[in-house]
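> here is my input; please provide its structure:
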Amino acid sequence: MEYKPHEPYIMIKATSKATPYQVQFTNGKHTALADTKYYETGGDAGFQPHELLEAALATCMNMTARMYAAKHAVPLKQVVTKVLLDRSGEEQVVFNCVVELKGKLTFEQKQAILAAARACPVRKTLLRGVRFKDEKLEKI
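Okay, the predicted model is just below:
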């Protein structure tokens, strides 16, 4: 797929590699690897699929916090976001999130940045619920 920056959406394409369970994925411009752990007979050469879900939320919260700080001239030096996906529940999964803000910030500035991070686009998307539409699957 050729990268076109003005497309309404960018599809992720995942292609299996020769190494068992290793997958290369791309949006047409950037490429990365996903894999499983050694004990699952993978090569441990990339992120595991659920880690990519965690990364999507963590990076979005981080970027959103930084954008808010820049827009409001808040002296934010660094943001560290940590996300752990808890799949132990039978009916629901839980994203446990921690946001660390670094810089000389007032309590009010911290609260405003944290509120912005909680309102990031990926979190909003996840809160809307999910359904799947499988197109063009090969028939068995």
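> quick one: residue 100 is in a strand?
Yes. Under DSSP: H, G, I helix; E, B strand; the rest coil, residue 100 falls within a strand.
> partner residues bridging it?
residue 80 (DSSP bridges).
> which residues sit in contact with the residue positioned nearest the centre of the chain?
The centroid of the chain falls nearest to residue 56 when counting by Cα atoms, centre = their mean (0.4 Å). Counting by Cβ atoms under 8 Å, 6 or more residues apart in numbering, residue 56 touches residue 122. For glycine as for every other residue, the C-beta is placed from the backbone atoms N, C-alpha and C.
> buried stuff in the host helix or strand of it?
Counting by DSSP states H and E, the element that carries residue 56 is helix 49-71. Residues 53-54, 56-58, 60-66, 68-69 are the ones in helix 49-71 that count as buried (16 or more other Cβ atoms under 10 Å).
> okay, now the domains of this protein?
As given by automatic domain parsing, the domain ranges for the chain are 1-47, 49-127.
> for the ones you listed, which one ends up most surrounded?
Across these, averaging neighbours per residue (mean count of other Cβ atoms under 10 Å) puts domain 49-127 on top, at a mean of 14.
> let me see the mean pLDDT of that one.
Per-residue pLDDT over domain 49-127 has a mean of 97.
> how far out from the middle of the chain is that domain?
For domain 49-127, the separation from the chain centroid amounts to 10 Å (computed by Cα atoms, centre = their mean, to the nearest Å).
> how about the helices of the protein, start to end?
Using DSSP state H, the helices of the chain run over residues 49-71, 107-118, 121-127.
> which ones are touching residue 36?
Contacts of residue 36 by Cβ under 8 Å, 6+ apart are 21, 42-44, 48.
> and the two most separated of those?
Taking Cβ to Cβ, the two most distant members of the contacts of residue 36 are 43 and 48; they sit 11.6 Å apart.
> shared neighbours of these two, which are they?
What both residue 43 and residue 48 touch, as defined by Cβ under 8 Å, 6+ apart, is the set 35-36.
> can you lay out the helices of the chain as a markdown table showing distance to residue 80?
As requested, the helices of the chain are exported to a markdown table (distance: least, Cβ to Cβ, whole Å):
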| stretch | distance to residue 80 |
| --- | --- |
| helix 49-71 | 8 |
| helix 107-118 | 11 |
| helix 121-127 | 17 |
